[in-house]
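> structure for the following, please:
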Amino acid sequence: MKWLGKLSAGFIIIGAIMSVGGAPFSIWIPFIGLSMLLIGIIMLFYWSTKNFIWKCSKCNNTFEITWQQNLLGMNMGVNDKLLYCPYCKDKIECKGKKKV
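Residues are numbered from 1 along each chain as shown. The predicted model follows:
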């Protein structure tokens, strides 16, 4: 799974370059670039959902989230999200930690 984060970053970078810089060469290059950009973003969400556990700042329990919670959870900073804790039944700021 370590390679998935790097691969998604590569897709995002190459997709962005092709989307912006490919227009003078062909009409299809920006569309291919945008599709690569979208695939890279989806892969990044999948990678971050599977490789992080979240710790509630209120009850200190750890839990995993779904990709919907990862997408819709409001970011509160680096590795901090406003999430619903399944243990204390409260929407509170949680800290993300990488799985070992």
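
> quick one: what helix or strand has Cys88 in it?
Counting by DSSP states H and E, no helix or strand carries Cys88.

> ramachandran coordinates for it?
phi -100, psi 0 (degrees, to the nearest 10).

> Three-state assignment for the nearest residue to it once chain neighbours are set aside, please.
In this structure, Cys88 finds its nearest non-sequential neighbour in Cys59, 4.3 Å apart by CB to CB, 6 or more residues apart in numbering. The way it works is simple: take the backbone N, C-alpha and C, and place the C-beta from them, glycine included. Under DSSP: H, G, I helix; E, B strand; the rest coil, the three-state class of Cys59 is coil.

> got the contact list for Cys59?
85, 87-88 (CB atoms under 8 Å, 6 or more residues apart in numbering).

> if we use 10 Å, what do you get?
Cys59 makes contacts with 85, 87-90, 92, as judged by CB atoms under 10 Å, 6 or more residues apart in numbering.

> Ala16: which of the residues you listed is nearest?
Ile92 (34.6 Å; CB to CB).

> tell me which element that closest one falls in.
Element membership for Ile92, per DSSP H and E: strand 90-98.

> looking at neighbours, which among the contacts of Cys59 is most surrounded?
Cys85 (19 neighbours; other CB atoms under 10 Å).

> let me know the pLDDT of that residue.
Per-residue pLDDT puts Cys85 at 91.

> select the longest helix from the protein.
helix 28-51 (DSSP state H).

> buried sites along it?
Across helix 28-51, burial judged by 16 or more other CB atoms under 10 Å covers 30, 33, 36-37, 40, 43-44, 46-49.

> okay then, goodbye and thanks.
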